[in-house]
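>>> quick one, structure for this:
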Amino acid sequence: MDDKTDTLHPGLSPINDTALTRESWKIFQIMAEFVEGFERLAQIKPSVSIFGSARTQPDHPYYQLTVDIARELSDAGFSVVSGGGPGIMEAANKGAFEGKSPSIGLNIQLPHEQSSNPYQDIGLNFRHFFSRKVMFVKYAAAYVVLPGGFGTLDELAEILTLVQTGKTRRIPIILVQEKFWRGLLKWLEDTMVPEGTIAAADLELVQLIDQPREILDAIFDHYEHRGFEPSPEETRIMLDL
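Okay, here's the model as predicted:
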């Protein structure tokens with residue numbers, strides 16, 4: 001039998017040593033993002049992660065609504081975590097910055113659209129979406145999701161998947177602006193549930209709430225009989241996030 005150790009499949013190119021070295025060293029860059037994130041965010045608990053469009057302008061009603069939500073959460077003792085950029089992210093950081101608790105921005109380096117806002121008590125910079133997404137989940141006591149685009153949907157799908165599959169603890173997942181989310185939720189109910197791709201009970205993972213004070217009340221109601229810290233079992237599960 002022929003020795004195949006040096007035989008490549010037709011169409012494949014030999015591995016360039018320089019490219020391989022760069023890929024290997026990339027591991028350390030990824031590790032550094034996780035280590036810095038864990039070290040700097042471990043003390044921010046309890047916190048709430050807020051998501052929404054980077055394209056929302058300061059004169060839009062969603063912007064001021066987000067400022068009000070974040071200020072309410074901050075004054076109640078929650079650190080507020082956002083993506084650190086413009087739009088809804090800026091509004092979240094601004095509201096928290098004006099409040100009593102820390103404002104945290106998890107900034108991402110993008111070819112366009114993303115620039116850091118000035119309302120951050122703690123600002124971290126990420127090259128990789130996946131390490132940044134872990135930081136959104138790792139210390140969050142709740143997710144508050146305002147209208148947004150693909151990135152917002154990505155973060156929403158991420159937390160729903162993690163909770164649904166038991167890879168993280170159950171936390172409040174609150175969608176703000178019922179009119180914006182109504183069509184998506186109807187599609188989930190009318191298409192995905194009948195197709196069997198999700199269970200009807202999975203729809204109970206989200207809440208629709210539009211008022212800042214009601215959002216705060218819903219979060220406190222969730223933790224009323226258990227406290228904000230993960231249980232020992234939840235802590236064990238979340239180590240494998």
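
>>> Asp210 and Leu239: what is the separation?
Computed with C-beta to C-beta, to the nearest Å, the distance linking Asp210 and Leu239 is 35 Å. In this view, the C-beta of every residue, glycine as well, is placed from N, C-alpha and C.

>>> now the element after the helix or strand of the chain with the lowest mean pLDDT, going C-ward?
Least confident helix or strand of the chain, by mean pLDDT, DSSP states H and E, is helix 17-41 with a mean of 83. For helix 17-41, the succeeding helix or strand toward the C-terminus, using DSSP states H and E, is strand 47-51.

>>> what angle do the next helix or strand after that next one and strand 47-51 make?
Using DSSP H and E, the helix or strand that follows strand 47-51 towards the C-terminus is helix 61-75. Calculated by axes from the mean of the first three to the mean of the last three C-alpha atoms, to 10 degrees, helix 61-75 forms an angle of 170 degrees with strand 47-51.

>>> show me what the helix or strand immediately after helix 61-75 in the chain is packed against.
Following helix 61-75 in sequence order, the next helix or strand is strand 79-82 (DSSP H and E). When contacts are defined as 3 or more C-beta pairs under 8 Å, 6 or more residues apart in numbering; DSSP states H and E, strand 79-82 packs onto strand 47-51, helix 61-75, helix 88-98, strand 103-108.

>>> what's the closest of the ones you listed to Phe38?
Closest of the helices and strands packed on strand 79-82 to Phe38 is strand 103-108, at 12.7 Å (criterion: C-beta to C-beta).

>>> contacts for the closest one next, please.
37, 41, 44, 47, 70, 74, 79-85, 89, 92-94, 96-97, 114, 116-117, 119-127, 129, 132, 135-136 (C-beta atoms under 8 Å, 6 or more residues apart in numbering).

>>> understood, closing this out.
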